[in-house]
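Student: 3D model of this:
(one chain, ligands or ions: 1)
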Amino acid sequence: MLEACLRHDALGRDDSGNVMPATLKLVEPALEYLAGYADALGRGWSPNNIRDVSAEQLAAIRADGPAFLTSLLGQDGTITLPDGSRIAKLPSRVRWMWDGEFCGQIGLRWQPGTDALPSHVLGHFGYAVVPWKRRRGYATQALRMMLQDARAVGLTSIEITADKGNIASCRAIEANGGGFVEEFVEPRYGEDVRLRFRIDLGAADGEGIA
Ligand SMILES: CC(C)(COP(=O)(O)OP(=O)(O)OC[C@H]1O[C@@H](n2cnc3c(N)ncnc32)[C@H](O)[C@@H]1OP(=O)(O)O)[C@@H](O)C(=O)NCCC(=O)NCCS
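Tutor: Numbers count the residues shown, from 1 in each chain. Presented below is the predicted three-dimensional model:
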């Protein structure tokens, strides 16, 4: 019953008051969506699950929104690890979840020509849904949609990691065909135990899973 109530929150109403399911789409970050993204940052949401970047990104957007977008979508530049070290960005695709409002972010990163990742990269995908849009199936749907992108860039299987206690993330991965591989600790990210999953993209055809 509780689940049914939570799912009902995902529904909107048309002009006649009829209940309409909200439709999630993935959009390329663009100026027209930036106010929603900034609002989420302002409410304390961070697209980065390892390091809270809400304040620094908000400052960057206020300073120069178009430049922020260029940097977010850019294929050059560096990422900052928890120990402060900076490492060259891998090729990436960033998309925002949008149901008429900003819902969250999902990103794909990969090494061209191989399914392998450097050990400092915690999986091919990173995603975060804003707290007020959670439990509507958005992470599950967004991951499913982005698997097409992973195929398109030539990946044949992808790796996703989740904190051991992150039930929601694990369920979203499993609903997309993710199989458990191993527990691991990546010292660059502290002592937390993480779970590694793999999705065979041959088997994980977007339609019909979960
Ligand atoms: C993890 C996260 C992305 C899930 O987003 P979401 O849109 O709420 O996920 P979904 O609605 O697709 O739910 C996926 C599954 O988890 C379940 N779930 C969601 N939140 C849950 C919770 N708090 N406790 C238990 N189960 C939960 C859902 O019921 C669903 O299971 P089902 O398919 O069996 O019904 C979101 O909680 C989040 O942004 N967390 C912080 C960032 C993060 O952890 N990112 C992932 C890094 S690996």
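
Student: ok, what's across the strand from the residue nearest the centre of the chain?
Tutor: Per Cα atoms, centre = their mean, the C-alpha nearest to the average position across the chain is that of Tyr127, at 1.8 Å. Beta-bridge pairing for Tyr127 (DSSP bridges): Ile106.

Student: what residues does this protein put near the ligand?
Tutor: 49, 127-129, 134-140, 162, 166-169, 171-172, 175 (Cβ under 6 Å from any ligand atom). All C-beta atoms are positioned from the backbone trio N, CA, C, and that covers glycine.

Student: would you list the buried entries among these?
Tutor: Buried by 16 or more other Cβ atoms under 10 Å: 127-129, 134, 136-140, 162, 169, 172, 175, out of those.

Student: among those, name the ones in strands.
Tutor: Mapping these onto strands (DSSP state E) picks out 127-129, 162.

Student: now, the most widely separated pair of those residues?
Tutor: Val129 and Ala162 (13.8 Å; Cβ to Cβ).

Student: turn the buried ones among the residues of the chain next to the ligand into TSV, including pLDDT and distance to Leu73.
Tutor: Shown next, in TSV, are those (pLDDT from 0 to 100; distance: Cβ to Cβ, whole Å):
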residue	pLDDT	distance to Leu73
Tyr127	98	17
Ala128	98	17
Val129	98	20
Arg134	98	25
Arg136	97	26
Gly137	97	26
Tyr138	98	21
Ala139	98	21
Thr140	98	25
Ala162	98	25
Ser169	98	24
Ala172	98	24
Ala175	98	28
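
Student: tell me the two of the residues you listed that are most distant?
Tutor: Among those, Arg136 and Ala162 lie farthest apart (Cβ to Cβ), at 18.9 Å.

Student: picking that back up, between the ones in strands among the buried ones among the residues of the chain next to the ligand, which is closest to Ala152?
Tutor: The nearest member of these to Ala152, counting by Cβ to Cβ, is Tyr127 at 17.9 Å.

Student: any idea how far Thr161 is from the closest one?
Tutor: 12 Å (Cβ to Cβ, to the nearest Å).
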